[in-house]
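[1] got a sequence here, can you build the structure:
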Amino acid sequence: MSDPLLAVEGLRTHVDAERGTIRAVDGVDFAVERGETVCLVGESGSGKSVTCESLTGIVPQPPARIVDGTVRFDGTDLLTATESRLRSVRGDGIAHVFQNPQRALDPVYPVGDQVVETMTIHRDVSGDAARERAVELLDDVGISRPRERFDEYPHELSGGMAQRVALAVALAADPDLLIADEPTTSVDVTVQARLLELLSDLTDDGTGLLWVTHDLRVVAAVADRVLVMYGGTIVERGSVESVFDAPGHPYTGALFDSYRESTAAGQRTAREDVPTDGCRFRVECPHAVADCAGGEQPPFRPVDEADGNRASCVYYGPGYDADQILADADGVAGGDDD
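    Next up is the predicted model:
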């Protein structure tokens, strides 16, 4: 089998803060194949965005520090690559769509010129051809009257329109991997459906997609595989069908429950209270036992005999019975959508 498009092993990114060092990303492993959509899910503060920004070294350094791991993209370890090599990868091999589009759009240049610039930097294309392609991309992402909007500035656009322009910029150089951080949160359902179809077409053409989202409906619609993240670590992984049908980690069940508004967001544990050893979720977990504390993160073990998804939980190891965890999760996954 060929190597995955992206392979991440042991990624650790620490952030220096007034209250000490935060282990924002603490030993993360995953891969994205060509033409595959991998969704990274978890509550705010779980480390999703820092993980994505660490991949190409765009996480702000300082206060962040990438302290360990490998990020191998198309055969190159990006964490040891030169800045020149990283600049050639960013936008061309790997493109980002940020949760806050203002991070991606320059306020002093028309939005159409920003789409054109990405193409002319990474591709041998004439100005006229680049402009026409930019208009097509703006139309593809749902910008009405794209020729008129081409010359507008970011401050003249709504938040949802700016987010769509940021997506057009990211797509301009036909990247091999698109990292999309909440790309559909500020758009209405009609535009969201259009964007989901557009991104689905990209993966059909072989583009890998790493999608960060809080919206489990989007996950169900687009994902091939799901990574559930909490406290800087991945606690469950598997196909979208296996994770949704039988969530195995107690946190995954809690996340599904929270999405159904059964758990108030204010009841979540503060980021500083997340343990840095053992199971990061144990402070909140109703099934926590002494073995959940200390040492390394619990190893990943199959949740069911079919080995559809794997959870980092002691209850799937010898001497424990995961039936109660699965029963709780089944109640959440199988509940009403009303």
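
[2] quick check on Gly248: phi, psi?
    phi -100, psi -30 (degrees, to the nearest 10).

[3] wait, doesn't it sit right on Val303?
    Yes: between Gly248 and Val303 there is a contact under CB atoms under 8 Å: 3.3 Å. Glycine gets a C-beta too; all of them are placed from N, C-alpha and C.

[4] Ser88 belongs to a helix, doesn't it?
    Yes: secondary structure of Ser88 (DSSP: H, G, I helix; E, B strand; the rest coil): part of a helix.

[5] and it, how many neighbours?
    Ser88 has 15 neighbouring residues, counting by other CB atoms under 10 Å.

[6] ditto for Ala7
    There are 18 residues near Ala7, going by other CB under 10 Å.

[7] ok so it is a strand residue?
    Yes: under three-state DSSP, Ala7 falls within a strand.

[8] what's the spacing between it and Arg237?
    Going from Ala7 to Arg237 by CB to CB, to the nearest Å gives 14 Å.

[9] between Gly248 and Val303, which contacts overlap?
    Glu236, Gly238, Asn309, Arg310, Ala311, Tyr316, Ala322, Leu326 (CB atoms under 8 Å, 6 or more residues apart in numbering).

[10] distance of the second one from Val303?
    To tie it back to what came earlier, the one meant is Gly238. Distance, Gly238 to Val303, by CB to CB: 7 Å.

[11] between these two, which contacts overlap?
    Counting by CB under 8 Å, 6+ apart, the residues touching both Gly238 and Val303 are Gly248, Asn309, Arg310.

[12] can you list phi and psi of the last one for me?
    Okay, so that is Arg310. The phi/psi pair for Arg310 (degrees, to the nearest 10) reads phi -130, psi 140.

[13] count the neighbours of it for me.
    Arg310: 22 surrounding residues under other CB under 10 Å.

[14] again, but for the first one
    Neighbour count of Gly248, defined by other CB under 10 Å: 31.

[15] returning to what we had before: name the nearest of the shared contacts of Gly238 and Val303 relative to Gln61.
    Arg310 (32.0 Å; CB to CB).
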